[in-house]
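**Student:** predicted model, plus sequence, below.
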Amino acid sequence: MNPLFRRRLRALCRKEFFLIVRDPGSVLVAFILPVLLLFIFGYAINLDTGNVRLGVLVEDAGPAGESLLQALKGSSAFQLRHCGSRQEVMALLASGEVRGAVIVANDFSAKWLQGEGTAALQLLTDGSEPNTAQFIGSYAQGVYEKWDQGEAYDRGLVWAPVVELRPRSWFNPGMVSRNFLAPGSISVVMTIIGALLTSLVVAREWERGTMEALLATPVTRMELLLSKIIPYYLLGILAMILCLVVAVQVMGVPFRGSFPALFVISSLFLGSSLGLGLFLSTLLKNQFNAAQAALTAGFLPSLMLSGFVFQIESMPRPLQWLTRLVPARYFAHSLQTLFLAGTIPSLLIPDGLFLALLAGFWLGLTAWRSKRTVE
Amino acid sequence: MTGSSQLPPVTIRIRGLVKRFAPQGAEAIKNVTTEMRWGQITGLVGPDGAGKSTLIRMMAGLLHPTQGEIRVNGLDPRAQSGALREIIGYMPQKFGLYEELSVMENLSLYADLRNVTGVERDQGIESLLHFTDLARFTGRPAGKLSGGMKQKLGLACSLLGSPKVLLLDEPGVGIDPISRRELWKMVRKLSSTGMTVVWSTAYLDEAELCDEVRLMAHGEIKAGGPPRVLMDRMRGRSLRITGIWGNRRALLGRALASPQVMDGVIQGSSVRILLRQAGELPCLEALQAGAGASLVEAPPRLEDAFISILGGGPGGESALAAQLPLVELPPEVDPHAVIRAHRLTKRFGDFTATRDVSFTVARGEIFGLLGPNGAGKSTIFKMKCGLLKPTSGQATVMGIDLTSSPSKARQRLGYMAQKFSLYKQLSVGQNLEFFSGIYGLAGEVQREKIARMVELFNLRHYLDSPADELPLGFKQRLALACAVMHEPQILFLDEPTSGVDPVTRREFWNHINGVAEKGVTVMVTTHFMDEAEYCDRIGIVYRGELIALGTPDQLKERVASPGNPDPTMEDAFIRLVREADR
């Protein structure tokens, strides 16, 4: 390698390093923000629905009604709220104080003895929150069936299904959503670090007039580009390590994959998100616009289209295709694999290939757009 | 300049140069052909938008010409860019420094980038630190240096690697005259060792120091040659009317209206005029200059030459002033203190932006604040308009305290901000409507007022274009129009003429003089030394303090000495600042 090339590149990287260290903003974005976001995503967004407030109105005075009430009380999923009348049930539902209600009608005991218990049982759910509504529906049904079974057993009517279903969740046995969300949120955090930080750096040089001075020196385009990638790549890897430590040590998320695989995948991902940020910065030459664009083009898709919060399989077809262009999709998937399942080449290799492709695309575009003139 | 055989060799040769930024767009540079010579300082002189930076950037290989050719030391900046970068030093307008890096870190960065290695590197940095007198500040971040020191560091960074050609893009903008003089000395020393220097500037007084100048306007070189030669051509055409009785501003108006006079400005207590033809004098009686008045030949300036080349000043009376009513102050307002600042102090954290500033401005007076960037002019200004609250002290206009009832005061005053502060996306017409609306004009009165502004500032052609797309001179005109539409009794102008060409500057001062005649009290800031002389009184602001206050003549007299019996405003400024530093 040309010694002058090495020397200039080293000087540029050192400069970039000083700028990062002395700019409180970069430190904030690189180290404080990831931890903060990780906690927000990990604890505040909670897809586990436990302790749903459920209204109960028992009009039935028979023993069956009382016994069903006890069964509902025993379920850990619900927090019961006793109501005195149907009007009260409606009012509580309307005000959102309960998300659903079970009404045991006054002929329930009679109907149930005839084997038509559900005919006198009414379940109301708050349809404005469909996920919760569905959860309440299936859970309430589960409680009823279990109770029904138990009652039948008690009365000697053994009700045994031929096939018994015993669901077990592999990889995330406790179905703790944090275990699933943490790797996903790391991918969002890393997108922010990669795209947001780098979206500012080239634009800043244009705004402050330093780019013009650099371009008038013997610096080459390649050196300029590398000097922007290398320091921010290292910063990204550091932030990744930080995220890993916080996720495993603090949040208790398991990590079952191998570190080299994580390193390779993270590097490829950083390549694509740094590339996106640099491209926007090079194109727009204005910090404010570049940051806006980076948030829109980096952060939002990584949140919405990566499969982290919303499942890709349930998106409309065109959106599903669009997700293929979002690097965070592959990264989130790989991280979930690495954290929860382990190093599974058949999953990681396609992800890695797509990430490499996207990294090549954005970095290539940036190289193509960076000129040696100020035009 | 006789015998071309003695001229040093040509280092930069430019032929038929054209630059368009869009394929079908306007020409930013129109067919420029010129040369720059070894060991000389060539000044590219002209207003903003004249094409100076574009030309310099093309020499540095940062822009490629649309047509024509450039050779810098025989190198084509486009095809031989690598070799070119080894021999040029370039300082862009903002100096190209990393504010977070220390002086030493900036220097070693540029040393590495310019391939300066080994012993040469240590010695180079050492001698540049000595040369620029920055050795004491090596550890200080560049962002914490004063404007003058930044400029020196920028120069030092561009000098690493001993370039053969030095390109400086407006190195002196907004820098105090002392630092500017120091920079000149340094660059002069460099050129004497055989460095070819190109120096772009909007200051015509500064350009007089160059070996050669190229006067630029609208992308063309309008004239070129040694400044002495250009100024000698004007000999006999620059005169001063001294010993004036009565109102010198009215006299200037009459002088500009007379057919013999091409241009004129106020200079302290006298009026300086430029004749169309040497020897064809205006009649002093007809100008009503008074019995004691006389015409004295004044040494020509480069500005005279430029104005003459551009076809003279706007002339005549200010149409803006003509339609303004005479200002009648309410009886309770003291006409000697329409504006009053009493011990104004403003602190931002532990930084004192202005300290203990007191002055008064009388009705119809033009009061100027003169000082380099960062001295505190704008801070004083903003406190006077009620835009900033003083930490201590009192600011009043027409007896109204700006801290307690700023909105009541604001209806009386017009304010033109330093940076273009109109709505860039709104059209000229919409801006006029908006600003007249917020000052309470409505209906027929508003329509009539806007129509008049459009007419007298020549804005008809641009009425529907977004304000952002106007040429600089028209932007400034629009800003002034928006500031005066509600017929304010007080006008605040923050650097109204910075960057515009000398002819537009004349037009502005014509208006300013005119409205002052109508009794409007005017406060203006400037960093042009010569503009300070157009004011009735000036205050010199330096490091947040008002270090001197008086008429331009008084300030100049204060520093007159047997060695320099007729000092310029710049001499006065430098002396007063040095005294304040002591």
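**Tutor:** Right, received. Where do you want to start?

**Student:** ok and the residue in the stretch 101-250 of chain A nearest chain B?
**Tutor:** A:Ala213 (2.5 Å; CB to the nearest CB). Backbone N, C-alpha and C define where each C-beta goes, glycine included.

**Student:** tell me which element that residue is part of?
**Tutor:** helix A:210-215 (DSSP states H and E).

**Student:** residue 336: which element?
**Tutor:** I went with chain A, as the question did not name one. Using DSSP H and E, A:Gln336 falls within helix A:327-336.

**Student:** so what secondary structure elements neighbour that helix?
**Tutor:** Secondary-structure packing of helix A:327-336 (3 or more CB pairs under 8 Å, 6 or more residues apart in numbering or on different chains; DSSP states H and E): helix A:177-191, helix A:259-284, helix A:300-304, helix A:345-369.

**Student:** now these as CSV including distance to chain B and mean pLDDT?
**Tutor:** Output for those, formatted as CSV (distance: least, CB to the nearest CB, whole Å; pLDDT from 0 to 100):
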stretch, distance to chain B, mean pLDDT
helix A:177-191, 25, 83
helix A:259-284, 16, 93
helix A:300-304, 26, 86
helix A:345-369, 16, 93
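
**Student:** ok, which of those comes nearest B:Asp350?
**Tutor:** Closest approach to B:Asp350 among the helices and strands packed on helix A:327-336 (CB to CB): helix A:259-284, 34.7 Å.

**Student:** send the alpha carbons of the next helix or strand after the closest one over as PDB?
**Tutor:** Going down the chain from helix A:259-284, the next helix or strand is helix A:287-294, by DSSP H and E. What follows is helix A:287-294, C-alpha atoms only, in PDB (Å, rounded to 0.1, in the frame of the first residue of the first chain):
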ATOM      1  CA  GLN A 287     -27.200  18.400   8.400                       C
ATOM      2  CA  PHE A 288     -30.800  19.000   9.200                       C
ATOM      3  CA  ASN A 289     -32.100  17.500   6.000                       C
ATOM      4  CA  ALA A 290     -29.800  14.600   6.100                       C
ATOM      5  CA  ALA A 291     -30.800  13.800   9.700                       C
ATOM      6  CA  GLN A 292     -34.500  14.000   8.800                       C
ATOM      7  CA  ALA A 293     -33.900  11.800   5.800                       C
ATOM      8  CA  ALA A 294     -31.900   9.300   7.900                       C
END
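
**Student:** pull up the gap between A:Leu224 and A:Glu212, please.
**Tutor:** Separation of A:Leu224 from A:Glu212 (CB to CB, to the nearest Å): 12 Å.

**Student:** can you give me the helices for the stretch 401-550 of chain B?
**Tutor:** For the stretch 401-550 of chain B, the helices defined by DSSP state H, counting those that start in this stretch occupy B:406-410, B:428-438, B:443-456, B:472-484, B:502-517, B:529-532.

**Student:** include distance to B:Lys475 and mean neighbour count when you put the helices and strands packed on helix A:327-336 into TSV, please.
**Tutor:** Formatted as TSV, those follow (distance: least, CB to CB, whole Å; neighbours: other CB atoms under 10 Å in any protein chain shown):
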stretch	distance to B:Lys475	mean neighbour count
helix A:177-191	41	25
helix A:259-284	24	23
helix A:300-304	37	19
helix A:345-369	31	17
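
**Student:** so for the lowest-mean-pLDDT helix or strand in chain A, what gets flagged as buried?
**Tutor:** In chain A, the helix or strand scored least confidently by mean pLDDT, DSSP states H and E is helix A:130-154, which has a mean of 79. Neighbour counts over helix A:130-154 (16 or more other CB atoms under 10 Å in any protein chain shown) mark A:Thr132, A:Ala133, A:Phe135, A:Ile136, A:Tyr139, A:Ala140, A:Val143, A:Tyr144, A:Trp147, A:Asp148, A:Glu151 as buried.

**Student:** now it: how far from the chain's centre is it?
**Tutor:** Centroid separation for helix A:130-154 versus its chain: 30 Å, with CA atoms, centre = their mean, to the nearest Å.

**Student:** contact partners of it?
**Tutor:** Helix A:130-154 is contacted by residues A:49, A:52, A:54, A:64, A:67-68, A:71-72, A:75, A:77-78, A:99-100, A:102, A:117-118, A:121, A:123, A:125-127, A:158-159 when judged by CB atoms under 8 Å, 6 or more residues apart in numbering or on different chains.
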